[in-house]
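K.L.:
Pasting the sequence and the predicted coordinates here, then a few questions.
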Amino acid sequence: MSGKPRLHYVNARGRMEPIRWLLAAAGVEFEEAFLETKDDLKKLQTNGDLLFQQVPMVEIDGMKMVQTRAILNYIAGKYNLYGKDLKERALIDMYVEGLADLNELISSNFFQPADKKEEHLVTVMDKAATRYFPVYEKVLKGHGQDFLVGNKLSRADVQLLETILLVEESKPDILAKFPLLQSFKAKTSNIPNIKKFLQPGSQRKQPIQEKDIPRLIYELCIAITEIQASKKAEYINRHSLHQPVGSGSVGAAEAQKNNSEIMAGKPKLHYTCGRGKMESIRWLLAAAGVEFEEQFIEKNEHLEKLRKDGDLLFQQVPMVEIDGMKMVQTRAILRYIAGKYNLYGKDLKERAWIDMYVEGTTDLMGMIMQLPLQSAEMREKNLALIIERAKTRYFPVYEKALKDHGHDYLVGNKFSWADIHLLEAILMVEECKPDILSAFPQLQAFKGRISNIPTIKKFLQPGSQRKPPADDKYIANVRKIFNI
């Protein structure tokens, strides 16, 4: 039934809070059904309400949506907070993903050992002040407008304000050196819908208290070891691999200016000569039949040059030069490519399903990508967890989808980004357990069909730009490049 969106989560911020913010900013009233015991979560799982057995979940427009990013994308598109075209959405996505990185860092502080919390928080505040907030300050200075993209309120502005307030809870003077962000905060906080949400008594949630974390974990039956492993993996993958840039860096405004001077031609990919977060981008371009060039980062000096030249918005790779832009943030790049090459569904609801399916396979592949960075003991333990998750949480979802609608593809009976991502995930898991699909006949047939699409078949041949699994030599080189 269509009506007010209904949000299912604990009575706390977590991954639901950006969704509350975005709905409130759009002026959308919503209801909340709080999970107060592990039985509440179990009931949702047993009833089949959670696609990947996880919250947050939002009932909206007849869908039971999961995966935070998929939900946010749908709300932003539905309520006209996502730019007017592909390029504006690309900028919004890049800015939002940068903020998501910073939010993850802040959240991870709860899971640090007691004797490391203060040190970790200092590091996070330093990154806010030197890596993230300077980008948004320079963007606002560069175009002289009130909002980040297109001089119109977008999800990027909403999430930036949310993040500013979140950081100020730990360091109240964080904006002392950012006058434009101070002005942005004041103006955006006074937009009527947002001003209402910031008032006492709204559905905005208070900071999680240290004493509440064990209760939340117990009540929702979440394995603390899995959370810690996940947060540590996120931290290593997104932050330890990307060191701060020197003061000679060209800022975001200059970088955007440089973007307009790039000749459009073949996309040019900047990354190490390995899979990592670039591999899904290679897969998507190849499946779309798009030729691309690669500029491999082989030494730390190559990375530092990109930083000093202002080519990396948040001083991180992967980076892709495409259509006059120097795009960063893997998800932003993938969404742009999928939209540009008609691999992203025909309407908002199809895109919502594609996003949910893609975020599921992203979770699974992210776990696999961390294995080479782990100790032998931890690797063995997590490999078993990955196989179990693939068999019981992820692959059953795709098997059921294919069986229920009887089509060749996951969404709309048309080849999409979701199909490409699923095949990539299947092949990655098969490298860990070759018979993983033995209980999934629909996925076996799917694998055969998608692997024989001409562009994908070509990409799967020896000598293509597809990269092999990471080995010890590659990992050792990555550690040198990123000073790990």
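P.N.:
Structure received. Numbering: from 1, shown residues only.

K.L.:
can you give me the strands in the stretch 151-300 of the chain?
P.N.:
Secondary structure of the stretch 151-300 of the chain (DSSP state E, counting those that start in this stretch): strands at 268-271, 293-296.

K.L.:
so the residue nearest in space to the middle of the chain, which of the three states?
P.N.:
With distances taken as Cα atoms, centre = their mean, R331 lies nearest the centre of the chain, 5.6 Å away. Assigned state for R331: helix (three-state reduction, DSSP: H, G, I helix; E, B strand; the rest coil).

K.L.:
quick one on the thing from earlier: so which of the strands of the stretch 151-300 of the chain is the most surrounded?
P.N.:
Highest mean neighbour count of the strands of the stretch 151-300 of the chain: strand 268-271, a mean of 20 (counted as mean count of other Cβ atoms under 10 Å). (C-beta placed from N, C-alpha, C; glycine too.)

K.L.:
which outside residues touch that one?
P.N.:
Residues outside strand 268-271 that contact it (Cβ atoms under 8 Å, 6 or more residues apart in numbering) are 277-278, 281-282, 292-297, 306, 311, 317-322.

K.L.:
Just the ones in helices from those, please.
P.N.:
281-282, 306 (DSSP state H).

K.L.:
Relative to V122, which of those is nearest.
P.N.:
L306 (27.0 Å; Cβ to Cβ).

K.L.:
ok, that closest one to N193 distance?
P.N.:
39 Å (Cβ to Cβ, to the nearest Å).

K.L.:
And these two? Which one has more around it.
P.N.:
Using other Cβ atoms under 10 Å, the more surrounded residue of L306 and N193 is L306, with 20 against 15.

K.L.:
Just to check, the more buried one is in contact with L312?
P.N.:
Yes. With contact defined as Cβ atoms under 8 Å, L306 counts as touching L312 (5.3 Å).

K.L.:
overlap in contacts of those two?
P.N.:
By Cβ under 8 Å, 6+ apart, the residues touching both L306 and L312 are M319.

K.L.:
mean confidence score for the helix or strand where I475 lies?
P.N.:
Taking DSSP states H and E as the definition, I475 sits inside helix 472-481. Averaged over helix 472-481, pLDDT sits at 91.

K.L.:
elements contacting that helix?
P.N.:
Using 3 or more Cβ pairs under 8 Å, 6 or more residues apart in numbering; DSSP states H and E, the elements in contact with helix 472-481 are helix 300-308.

K.L.:
Show me what the helix it packs on is packed against.
P.N.:
For helix 300-308, the packing partners by 3+ Cβ pairs under 8 Å, 6+ apart are helix 472-481.

K.L.:
go again using 10 Å as the cut-off
P.N.:
strand 268-271, strand 293-296, helix 472-481 (3 or more Cβ pairs under 10 Å, 6 or more residues apart in numbering; DSSP states H and E).

K.L.:
shouldn't A128 be in contact with E169?
P.N.:
No. The pair A128 and E169 fails to qualify as a contact (Cβ atoms under 10 Å) at a distance of 11.8 Å.

K.L.:
tell me, what's touching these two both at once?
P.N.:
Both A128 and E169 are in contact with I106, where contact means Cβ atoms under 10 Å, 6 or more residues apart in numbering.

K.L.:
Comparing the two, which residue is more hemmed in?
P.N.:
Neighbours of A128 and E169, each counted by other Cβ under 10 Å, are more numerous for A128; the result is 23 against 11.

K.L.:
Contacts only, for the nearest residue to K64 once chain neighbours are set aside.
P.N.:
Distance criterion Cβ to Cβ, 6 or more residues apart in numbering; nearest residue to K64, sequence neighbours excluded, is D49 at 5.3 Å. Contact partners of D49, counting by Cβ under 10 Å, 6+ apart, are 8, 43, 55, 57, 59, 64, 66.

K.L.:
ok, what's across the strand from the fourth one?
P.N.:
Same thing as M57. H8, V66 (DSSP bridges).

K.L.:
ok so, going back, next, the angle from the helix holding I475 to helix 300-308.
P.N.:
Helix 472-481 and helix 300-308 are oriented at 50 degrees to each other (axes from the mean of the first three to the mean of the last three Cα atoms, to 10 degrees).

K.L.:
if I look at K299, how far off is D311?
P.N.:
K299 is 16 Å from D311, by Cβ to Cβ.

K.L.:
Double-check that the residue nearest to K64 belongs to a strand.
P.N.:
No. The assignment for D49, made by three-state DSSP, is coil rather than a strand.

K.L.:
hmm, back to that, for ChimeraX, write a command that selects the buried ones of the contacts of D49.
P.N.:
Per 16 or more other Cβ atoms under 10 Å, the buried members of the contacts of D49 correspond to this ChimeraX selection:
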select :8,55,57,59,64,66
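
K.L.:
Nearest to V124, out of the contacts of D49: which one, please.
P.N.:
V55 (25.0 Å).

K.L.:
what sits against the nearest residue to that closest one once chain neighbours are set aside?
P.N.:
Closest residue in space to V55, ignoring its immediate chain neighbours: Y9 at 5.3 Å, by Cβ to Cβ, 6+ apart. Residues counted as contacts of Y9 (Cβ under 10 Å, 6+ apart) are 15-17, 19-20, 32-35, 41, 55-58, 205, 220.

K.L.:
what do you get for K266?
P.N.:
So K266 contacts 285, 290-293, 321-322 (Cβ under 10 Å, 6+ apart).
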